[in-house]
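K.L.:
Sequence plus predicted model, see below.
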Amino acid sequence: MPGYGDSPPAEMVATVQGRVAFLDHVLQELGMRRPVLISPSMSGRFALPFLLARGDRLAGFVPVAPVGTKDYTAEQYQRVQTPTLILYGDRDTSLGPQALQSLRHLPDHRVAVVPSAGHACYLDKPEDFHRALLGFLRQLK
């Protein structure tokens, strides 16, 4: 993600609107129509504002203990109509439960907790993570 890790700072993503525009541009350049957006951890800074502003462009949303969930109100989440799978590891005692507290206000959501997995549950228990993800994807229209 621009401005994170070893990538150079990018002025475009310094604001919420810039991050929404950046993600929108990436999806357009890839020619993706109504993708399922999977958002682990730090990518929540991009994915959550995109979901709230342009969730109608997504077929589904899979937040995996993302950061930034407390930046939005229950009312903002309640307006989102995108099917959502809230996913986190049961050993993630910080971001997982914190994200669930906010994201549970999304009207069309399910929750999957990966047993014996930490914050990066997709790395700790990839089979369980993928089983939950594939089950969700199969239920989408």
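P.N.:
Alright, I've got the coordinates.
K.L.:
now the helices for the protein?
P.N.:
16-29, 44-54, 74-78, 95-103, 121-124, 126-139 (DSSP state H).
K.L.:
Which positions in the fifth one come out as buried?
P.N.:
Taking 16 or more other CB atoms under 10 Å as the basis for neighbour counts, the residues of helix 121-124 that come out buried are 121-122, 124. To be clear about C-beta, it is placed using only N, CA and C from the backbone, and glycine gets the same treatment.
K.L.:
Put the alpha carbons of it into PDB.
P.N.:
Extracted C-alpha coordinates of helix 121-124, given in PDB (Å, rounded to 0.1, in the frame of the first residue of the first chain):
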ATOM      1  CA  CYS A 121      -5.300 -16.000  10.900                       C
ATOM      2  CA  TYR A 122      -4.800 -16.600   7.100                       C
ATOM      3  CA  LEU A 123      -1.200 -17.400   7.800                       C
ATOM      4  CA  ASP A 124      -1.700 -19.300  11.100                       C
END
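K.L.:
Not counting its neighbours along the chain, what's nearest residue 122?
P.N.:
residue 129 (4.4 Å; CB to CB, 6 or more residues apart in numbering).
K.L.:
ok, now residue 114?
P.N.:
Nearest non-adjacent residue to residue 114 (CB to CB, 6+ apart): residue 121, at 4.0 Å.
K.L.:
What residues does the one you found make contact with?
P.N.:
Residue 121 makes contact with 64-65, 87-89, 92, 114, 128-129, according to CB atoms under 8 Å, 6 or more residues apart in numbering.
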